[in-house]
Every structure is written in structure tokens, then in C-alpha cells.
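Q: Sequence and computational prediction follow.
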2 protein chains.
Amino acid sequence: MMSSLSKRKPAAKIKWLLAPSSNEWLQQAIANPVEILIDHAHCERKAAGAAVQLMFRYLCEPGLAEVLSPLAREELEHFERVLTLISSRGRYLEPLQAPPYGAALAKRIRKGEPERMLDSFLVAGLIEARSHERMSLLASHSPDPELRKLYGDLLASEARHFCSYWMLAEQRYDRDEITLRLEELAITEAEILDTLHPEPRMHS
Amino acid sequence: MMSSLSKRKPAAKIKWLLAPSSNEWLQQAIANPVEILIDHAHCERKAAGAAVQLMFRYLCEPGLAEVLSPLAREELEHFERVLTLISSRGRYLEPLQAPPYGAALAKRIRKGEPERMLDSFLVAGLIEARSHERMSLLASHSPDPELRKLYGDLLASEARHFCSYWMLAEQRYDRDEITLRLEELAITEAEILDTLHPEPRMHS
């Protein structure tokens, strides 16, 4: 699948992302605040799980656990905060069907090493970058002050997380190789989101 | 496998455990402080992974993530602290073959629900209780003051962790059912440790 997105330059603000989120997504998210909140809790939980999984896979890789363990802790802390807010609104975690986003990106991770590790860092970083971009939109545009505050508060660490994944890559791979691969993955990332998923999700 | 252990009463201090650790284990652990330290890092990491995995399996079970997410964060924090100490001694995480302990206990977890959830809590609690007991021994008997301090500092939260697993069980199961099953599992736990594993490990 190739589209016109492949010709676009990275957005200036977050260089990871090739295309900004659509207004359609923002409208969908604002119209379904609790569903997005529940999905967000799932995203934080999955991000923690992914960091722990990476740490387990590359157990004895120096300098990896030192970054991924605190990152996983922070994701869990966010998960707890979002869960508290969901509970305070009389709801709870509900099983939500995941949009195609995560699985489609995971498919692009090459199987052999050292490519697998590089792709794992870049895919995790791309997801963090997109979460950061979408949470910024919600922090500015949500009509609910409590949600604006929540998303605003969580923003800074999302930005730190994609920087962490970038640094993990930079310490181990050639800069040109990283940039080239990031561009390829960013095209996929933007293409997946080019069609709005009908169910409201953080990555619909 | 039945042994004389099945007739022993629970130890007074930690009711979870049927038998105290042997002096042979303590001598083995004291004679191999760095290997025990590296294994301890792996134990903290695995305990975090197990809590996250339980949280994922019973995703929408009210009151579970609220306990397991902070518990996983704390295990990761300990992992980081132990890793820092290992690094300060010029070593790093090394792949260590696990002793039979964890796998033998995991085998006793029944497959069907609701038994699976109860057994998962009790096995996790037993491992925490044993870690607590062994860390207490090291906190008192290690000839290395830095290690005595480390184990002493981590003790309190290990105790809190087996209480957490107990409470998770008590909120969901009949007290008699829990006690009966805990006794059965505690017999297995003590029997596994009845023979000292030749490689020095936290649960050898």
C-alpha cells in the first residue's frame, strides 16, 4: 500500500510523524470521551507491557533495562491515574476491540536481529509520538476541563518516552539507518490512520 | 510426592510458609553474594512481569489492577535498585538458569476458573513470602554491610506484597477454601526447597 503520504515531509513539531491527526478523529474523540478514556487506560497498560516485554527479550543488553524499567513504571502510573478517573465517573475498564493500528505496525517489525530490535524501538517510539500528538489535541480541544487537565498532565512524559526510544536506537545503530527506517515506518503509521476507524479509539 | 513436611504446622512468623529455609541454603547464598544478587534482580523482574500478566489476564476484574499495577511498579523499582548495585560492582545482568522452584509451583495452578485465579494469587503470595523470609536471613547474616542494608530495605515491601495477594484472594474466595488450598500449595513449596538446588539462587 503506497499513498501520497509517502511524499510528505515529517511534521515540524514531532519529527516522528509524517501526517497530523485529522479533524475527523478529533471530532470522533471529543464526541466519545469515556470510550477514549477507557481505551487510553488500555493503551497505557499495553505500553507498559510492551516495555517490560522488550526488557525481557533483551535481558542482558547493557543500558536497556535502565531505560525501559522506569518507562514501564511511568506507564503503569498513568494507567492507574486514568483508571481512577474512569471509576470516579461510575465506569470501569471494559474490553474494547483494538483498532488495526498496533497490530499493523507490529507486523512491520522485521524478524531477524539486529533489525528486530531497531524496529521495536521505532514502532514503540512512533506509537508514543502519536499518543503525544493526540493527547495534545485533546488537552487543547476537549470541552471537559477535567479531561483537558488529565491529557495536559500526561503529555510531557509521552514526549520523554519517544525520546527514550530514539536514544535507545541511536546508542546502538547508525544514524542514517535509523532515519531511513523511521521514514518507512512513519509512512505505514500515517497510512493506517489515513482512514478513520469507525470505533472511537486513541489510535482510530 | 508427600513427605514429613505435610505434617508440620505453619511457621509462626509468616503463616504462608510451612518450613523455614535451611542453614545450607543460607551458607550457599552467603558464599555466592553476586550470583544471588543477579538472581535477585531476575526475581524482581519476573515478579513484576507476573503481576502485569495477571492484570492483563483478568483485565476487567474490579479492584485487581488497582492492587497489581502499584505492586508491579514497586517490583520494577527494586529491580532497578538491585541492577544499580550489580553495575557498581562491575557486573551486569547475566542469564542464569532458573532453579526448579517457580516452574514447579506454576504447575500446581489449576487450569479452570475460578480455581486458576485463586491458585495464581496463592502461588504469587507464597513466592513473595519465601523471598521475604530469605531476604530477612540475608539482611541479618550477610557479612557484607551494603547487602545487609539492601535486603533490609526491600523487606517491608515484600511483606506488603504477600499481604496484597492474600487480600486479593480474601475479597473473592471463601476463607476455608483459601486456607485449605494455601496449605496444599505450601506443602509443595516446602517440599521443593527440601532438597538444596546445587546452583546458588534466591530460591535454590
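A: Structure received.
Q: Near chain B, which residues of chain A are found?
A: For chain A, the contact set with chain B under CB under 8 Å from any CB of the partner chain comprises A:45, A:48-49, A:52, A:55-56, A:59-60, A:62, A:65-66, A:69-70, A:72-73, A:76-77, A:79-80, A:83, A:92-95. Quick note: C-beta positions are derived from backbone N, CA and C, even for glycine.
Q: How about the contacts made by the residue nearest the centre of chain A?
A: In chain A, the C-alpha closest to the average C-alpha coordinate belongs to A:I127, at a distance of 2.4 Å (CA atoms, centre = their mean). By CB atoms under 8 Å, 6 or more residues apart in numbering or on different chains, A:I127 lies in contact with A:A47, A:Y101, A:G102, A:L105, A:H203.
Q: of these, closest to B:Q171?
A: Comparing those against B:Q171 with CB to CB places A:A47 closest, at 27.9 Å.
Q: Give the burial count for that closest one, as a bare number.
A: Counted with other CB atoms under 10 Å in any protein chain shown, the neighbours of A:A47 add up to 23.
Q: give me the element it is part of.
A: helix A:33-57 (DSSP states H and E).
Q: now that helix, how far from the chain's geometric center?
A: 9 Å (CA atoms, centre = their mean, to the nearest Å).
Q: Which elements pack onto the following helix or strand past it?
A: The helix or strand immediately downstream of helix A:33-57 is helix A:65-88, counting by DSSP H and E. If you count contacts as 3 or more CB pairs under 8 Å, 6 or more residues apart in numbering or on different chains; DSSP states H and E, helix A:65-88 packs onto helix A:33-57, helix A:145-170, helix B:33-57, helix B:65-88.
Q: repeat that for 10 Å
A: helix A:33-57, helix A:115-141, helix A:145-170, helix B:33-57, helix B:65-88 (3 or more CB pairs under 10 Å, 6 or more residues apart in numbering or on different chains; DSSP states H and E).
Q: Adding mean pLDDT and distance to B:R116, write those helices out as a markdown table.
A: A markdown table is the format used below for these (pLDDT from 0 to 100; distance: least, CB to CB, whole Å):
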| stretch | mean pLDDT | distance to B:R116 |
| --- | --- | --- |
| helix A:33-57 | 94 | 20 |
| helix A:115-141 | 96 | 31 |
| helix A:145-170 | 92 | 34 |
| helix B:33-57 | 94 | 9 |
| helix B:65-88 | 96 | 15 |
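Q: Serialize those to CSV and add fields for distance to B:I187.
A: Formatted as CSV, these follow (distance: least, CB to CB, whole Å):
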stretch, distance to B:I187
helix A:33-57, 31
helix A:115-141, 42
helix A:145-170, 45
helix B:33-57, 22
helix B:65-88, 26
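Q: which ones are touching A:L93?
A: A:38, A:41-42, A:45, A:79, A:82-83, A:86-87, B:55, B:59-62, B:64-65 (CB atoms under 10 Å, 6 or more residues apart in numbering or on different chains).
Q: One more: A:L154?
A: For A:L154, the contact set (CB under 10 Å, 6+ apart) comprises A:H40, A:E44, A:E74, A:E77, A:H78, A:R81, A:V82, A:S131, A:H132, A:M135, A:L138, A:A139.
Q: try A:K149
A: A:L85, A:A139, A:S142.
Q: now A:P198
A: A:Q28, A:P99, A:S204.
Q: Can you tell me the SS state at the residue of chain A positioned farthest from its centre?
A: In chain A, the greatest distance from the average C-alpha position (CA atoms, centre = their mean) is reached by A:G90, at 26.7 Å. Classification of A:G90 using DSSP: H, G, I helix; E, B strand; the rest coil returns coil.
Q: how close does it sit to chain B?
A: Distance of A:G90 to chain B, computed by CB to the nearest CB, to the nearest Å: 12 Å.
Q: Give me the distance between that residue and A:V34.
A: From A:G90 across to A:V34, the span is 10 Å (CB to CB, to the nearest Å).
Q: how about A:S142, phi and psi?
A: A:S142 adopts backbone torsions of phi -60, psi 140, taken as degrees, to the nearest 10.
Q: residues near it, how many?
A: If we define neighbours as other CB under 10 Å, then A:S142 has 21 of them.
Q: cool, A:G112 as well?
A: 6.
Q: Same question for the helix holding A:A47: list its buried residues.
A: A:33, A:35-55 (16 or more other CB atoms under 10 Å in any protein chain shown).
Q: In contact with the nearest residue to A:L64 once chain neighbours are set aside, which residues?
A: Nearest residue to A:L64 in three dimensions, chain neighbours excluded: A:Y58, at 5.3 Å (CB to CB, 6 or more residues apart in numbering or on different chains). Contact analysis of A:Y58 by CB under 10 Å, 6+ apart lists A:L64, A:A65, A:L68, A:E113, A:R116, A:M117, A:S120, A:L168.
Q: burial of the residue nearest to the last one when sequence neighbours are not counted, as a residue count?
A: Same thing as A:L168. In space, and not counting its chain neighbours, A:L168 is closest to A:F121: 5.0 Å by CB to CB, 6+ apart. For A:F121, the neighbour count with other CB under 10 Å is 27.
Q: how far away is A:F121 from chain B?
A: Look at A:F121 and chain B: by CB to the nearest CB, they are 19 Å apart.
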